[in-house]
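Q: Sequence first, then the predicted structure:
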Amino acid sequence: MSFFDKHVFICTNQRSGCEDCCANHGTPALLGYFKDRVKAAGLAGPGKVRVSKAGCLGRCDDGPVMVIYPEAVWYTFVDTEDLDEILDSHLRQGRVVERLRV
């Protein structure tokens, strides 16, 4: 059994000369927002959900991106509303948000 039920990685990488890198889309602040929302929902901690920042996940053209394991579901997102939908649908209910899936 894994220490966490789900592990979310959000790219916060800043690449020089790359217009589409995730950090250019505000992911450092969005990561903080998402972590706070997961904690407030009581979903954080051992046996639950872990949210981590990641360096480049290699999908700059799809960015900003996150990946949720163990399902290996990739998402793109643009704002807090998208993140709230991923939290409510995927993390709480186990349903993939198809409109945001990469």
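A: Perfect, I can see it now.

Q: Is residue 51 in a helix, a strand, or coil?
A: strand (DSSP: H, G, I helix; E, B strand; the rest coil).

Q: which residues touch the spatially closest residue to residue 35 that is not a sequence neighbour?
A: Distance criterion Cβ to Cβ, 6 or more residues apart in numbering; nearest residue to residue 35, sequence neighbours excluded, is residue 51 at 4.7 Å. No exception for glycine: its C-beta is placed from N, CA and C like everyone else's. By Cβ atoms under 8 Å, 6 or more residues apart in numbering, the contact set of residue 51 is 8, 10, 31, 34, 35, 38, 44.

Q: Select the longest helix from the chain.
A: helix 27-40 (DSSP state H).

Q: follow-up on the earlier one: per-residue confidence at the residue nearest to residue 35?
A: Listed pLDDT for residue 51 reads 98.

Q: any idea how far residue 19 is from it?
A: Between residue 51 and residue 19 the computed distance is 26 Å (Cβ to Cβ, to the nearest Å).

Q: residue closest to the middle of this structure?
A: residue 66 (3.7 Å; Cα atoms, centre = their mean).

Q: Pull up the gap between that residue and residue 55, please.
A: 13 Å.

Q: residues bridging contact with the two, i.e. touching both?
A: residue 11.

Q: tell me the secondary structure for the most far-flung residue of the chain relative to its centre?
A: In the chain, counting by Cα atoms, centre = their mean, residue 17 sits farthest out from the average C-alpha position, at 23.6 Å. With three-state DSSP as the basis, residue 17 sits in coil.
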